[in-house]
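> the following comprises the amino acid sequence and a computationally predicted model.
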Amino acid sequence: MSAEAHALARSRTLWELLRRRAALTPGAPALIQAADDPADDTTLTFGALLTRAERTAAALYADGVRPGDTVAWQLPTRSETVVLSLALARLGVRQTPLIPHLRDREVGDALRATGAQLYAHPGSWRGFDYAALHARVRDAAGGPRALPVDGALPQKDPAQLPPEPRDGTEVRWIHWTSGTTSRPRGVLHTDRGLIAGGACLAHALRPTPHDVGSIAFPYAHIGGPDYLVMLLLYGFPAVLFERFALPDALDGYRRHGVTTAGGSTAFYAMFLAEQRKQPGRKLIPTLRLLAGGGAPLPPELYHEVVAELGCGLVHGYGMTEAPMITMGDPDDTPQLLATTEGRPPDAMEIRVTGPDGSVLPPGTEGDVRLRGEAVCQGYLDEEQTRAAFDEDGFLRTGDLGKLLESGHLVLTGRSKDIIIRKGENISAKEIEQLLYEHPAVADAAVVGLPDRERGERVCAVVEQPAAAEPLGLAEVTAYLREAGLAPYKLPEQLEVVEALPRNETLRKVLKYRLRERFG
């Protein structure tokens, strides 16, 4: 990390970090909104971002929003969304971002649980009426007022604003888990925690002021402020995409010279599929690095991306509770980049423990636990908080893995992804990685289903490429045997689907839906 970024990372609050960056490079671009028509693209400099956020904070304050209030916002990835979030940070408001695809049940739960006084929404977006959603949940959620944000944000003279917040250790963010295995939970974060997470990400990716980043995932995701912190630390811009869809978004990447992109494994695969349509032409000429996390990376996909897209790929490990845990290093060997989640930064402690909490030696699989400033403060539900942290203050992640002697982390699955068949533990991830290498498989998910005789049976659910011959269970099991998979791990059920069910943020597979559908 550069000396300038290192100094900025000591900022107490997100607002202080923005103010210091705007003073250093006020005229440098910060946010570039990519539109369908290039003539409609807009750019905000760091100086303009500060000014606009401060004036929006003044308008909110004049409208009765006070430090300590709770404001929920459910908005697309737009410059105005970032401005509003920073305005709330200026006021010292507790804010709860909501992914745009959430509907009545999830939004109503969030508004009730947080006691939000204000709910900001985009009016109508992508054919959905958020004002009507607000009307449906308003009474049950305690009647939060609505703030439609379907254009420019309100602006007022900031002269009457109260002093800016100084304590970065207060809980001012309530993010929501992705809900891939259960209903979402409210995760509590502080400004200092988000700054620490963004600093870890910046340390791993080594950006420069000459880079051009991209935010193609929902800004309401924990990765939104995480990425913003990196922009503020290094003073480079990001291109914002309201919706990530290829090939339509490619023009935006190209015309703005994006150098770093990514999101998750599904994003890499989508870029790769586009590259294969024109193998002789580099998909994004300026692209030097793909980076992301949030889902397992099949080693074969790593090698395919690097070879065919002509850029680096660093994959990491993060979660809503701790947005940056480990990340691959561009200087790591291809073997480590393809098969590990990278190493943690100095500010993140990782333990791999046995069932009794004892620390296991390197190379031994166990439960992954975390401690560090970037780790959340807990959950809205105090009972969930007590259950999540051990007596030493380490967060139990629910992930299984092992630490190598080099410090690299290898994730071997989720505790819920361990299939117990006739008393034997089977890793779903191991089977998924082998299936991914089959030429007639585009993607795969393996789940355990209830079985009266075995306890659980192994079910493989696969997507196939458009021109592939239909797969059968016998062919799949023969392939896995040939690949060296132990017979007791072989799937007993195969389901071929048009598309695996995924969430709308980082495109994680929703395995609970597969269990519901095929169980």
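Ah, there it is. Residues are numbered from 1 along each chain as shown.

> what's next to stretch 2-16, contact-wise?
With Cβ atoms under 8 Å, 6 or more residues apart in numbering as the contact definition, stretch 2-16 has outside contacts at 1, 17, 20-21, 24, 86, 89-90, 164-168, 191-192, 194-196, 199, 202, 225, 229, 232-234. Glycine gets a C-beta too; all of them are placed from N, C-alpha and C.

> which ChimeraX command selects the buried ones in the residues you listed?
The command below creates a ChimeraX selection of those among the contacts of stretch 2-16 that count as buried (16 or more other Cβ atoms under 10 Å):
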select :1,17,20,21,86,89,90,164,165,168,191,192,194,195,196,199,202,225,229,232,233,234
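
> which ones among the contacts of stretch 2-16 map onto helices?
Using DSSP state H, the members of the contacts of stretch 2-16 that fall within helices are 17, 20-21, 24, 86, 89-90, 191-192, 194-196, 199, 202, 225, 229, 232-234.

> helix or strand for Val306, which one?
When elements are assigned from DSSP states H and E, Val306 belongs to helix 299-309.

> give me the mean pLDDT for that helix.
Mean pLDDT, computed over helix 299-309, is 94.

> helices and strands around the lowest-mean-pLDDT helix or strand in the chain, which ones?
Evaluated with mean pLDDT, DSSP states H and E, the helix-and-strand set of the chain has its lowest mean pLDDT in strand 424-427, which scores a mean of 77. On a contact count with 3 or more Cβ pairs under 8 Å, 6 or more residues apart in numbering; DSSP states H and E, strand 424-427 meets strand 418-421.

> ok, residues contacting the helix or strand just after the least confident helix or strand of the chain?
Next helix or strand after strand 424-427 toward the C-terminus (DSSP H and E): helix 428-436. Contacting residues not belonging to helix 428-436 are listed as 296, 298-301, 411-413, 417-419, 441, 443-448, 458, 460, 462, 476, 479-480, 483, 485, 489, 491 [Cβ under 8 Å, 6+ apart].

> which residues does the nearest residue to Trp73 once chain neighbours are set aside contact?
Sequence neighbours aside, Ala120 is the residue nearest to Trp73 in space, at 3.9 Å (criterion: Cβ to Cβ, 6 or more residues apart in numbering). Shown here is Ala120, whose contacts under the criterion Cβ under 8 Å, 6+ apart are 71-75, 84, 146-149.

> what subset of those is buried?
When neighbours are counted using 16+ other Cβ under 10 Å, those contain these buried positions: 71-75, 84, 146-147, 149.

> which of those fall in strands?
Restricting those to those inside strands, with DSSP state E as the criterion, leaves 71-73, 146-147.

> tell me which of those residues is nearest to Thr45?
When these are compared for distance to Thr45, the smallest value, 23.2 Å, is given by Trp73; criterion: Cβ to Cβ.

> please name the residues that touch the closest one.
81, 84-85, 88, 95-98, 119-121, 149, 220.

> is it in a bridge, and if so with what?
Following DSSP bridges, Trp73 is listed with bridge partners Pro97, Ala120.

> could you check how far it is from Leu360?
Noted for Trp73: a distance of 42 Å to Leu360, by Cβ to Cβ, to the nearest Å.

> show the average pLDDT along stretch 46-63.
Stretch 46-63 comes out with an average pLDDT of 98.

> hmm, back to that, may I see the buried residues of the least confident helix or strand of the chain?
Buried positions in strand 424-427, judged by neighbour count with 16+ other Cβ under 10 Å: 426-427.

> direction included, what does that strand pair against?
Taking DSSP bridges as the criterion, strand 424-427 sits next to strand 418-421 (antiparallel) in its sheet.

> what does the pLDDT read for Gly151?
87.

> that one: what's it in contact with?
Taking Cβ under 8 Å, 6+ apart, one finds Glu80 in contact with Gly151.

> same check on Gln464?
Applying Cβ under 8 Å, 6+ apart, one finds that Gln464 lies in contact with 440-442, 470-471, 496.

> which of those residues lies closest to Arg276?
Using Cβ to Cβ, Ala442 is the member of the contacts of Gln464 that lies nearest Arg276, at 12.1 Å.

> show me what the residue nearest to the closest one when sequence neighbours are not counted bridges to in the sheet.
If you skip the residues right next to it in sequence, Ala442 has Glu463 as its closest partner in space, 4.4 Å away by Cβ to Cβ, 6+ apart. Taking DSSP bridges as the rule, Glu463 bridges to Asp443.

> same thing with Gly262?
Counting by DSSP bridges, Gly262 is bridged to Ala291.

> settle this for me: it is touching Arg288, isn't it.
No: with contact defined as Cβ atoms under 8 Å, Gly262 does not count as touching Arg288 (11.6 Å).

> for those two, indicate the residue with more neighbours.
For the pair Gly262 and Arg288, the greater number of neighbours falls to Gly262 (24 against 14), based on other Cβ atoms under 10 Å.

> about what we covered before: what residues does the least confident helix or strand of the chain touch?
Counting by Cβ under 8 Å, 6+ apart, strand 424-427 makes contact with 400, 412-413, 417-420, 448, 458, 488-489, all of which sit outside it.

> quick check, central residue of the protein?
When the chain is reduced to its mean C-alpha position, the nearest residue by Cα atoms, centre = their mean turns out to be Gly223, at 4.7 Å.

> that residue contacts Ser214, correct?
No: at 11.7 Å, Gly223 and Ser214 do not qualify as touching, with contact defined as Cβ under 8 Å.

> out of the contacts of helix 428-436, which end up buried?
In those, burial by neighbour count holds for 296, 298-299, 301, 411-413, 417-419, 441, 443-448, 458, 460, 462, 476, 479-480, 485, 489, 491, counting by 16+ other Cβ under 10 Å.

> could you pull out the strands in the stretch 351-500 of the chain for me?
Per DSSP state E, counting those that start in this stretch, the stretch 351-500 of the chain carries strands over the ranges 366-372, 378-379, 395-403, 409-414, 418-421, 424-427, 443-451, 455-463, 493-496.

> appreciated, that's everything.
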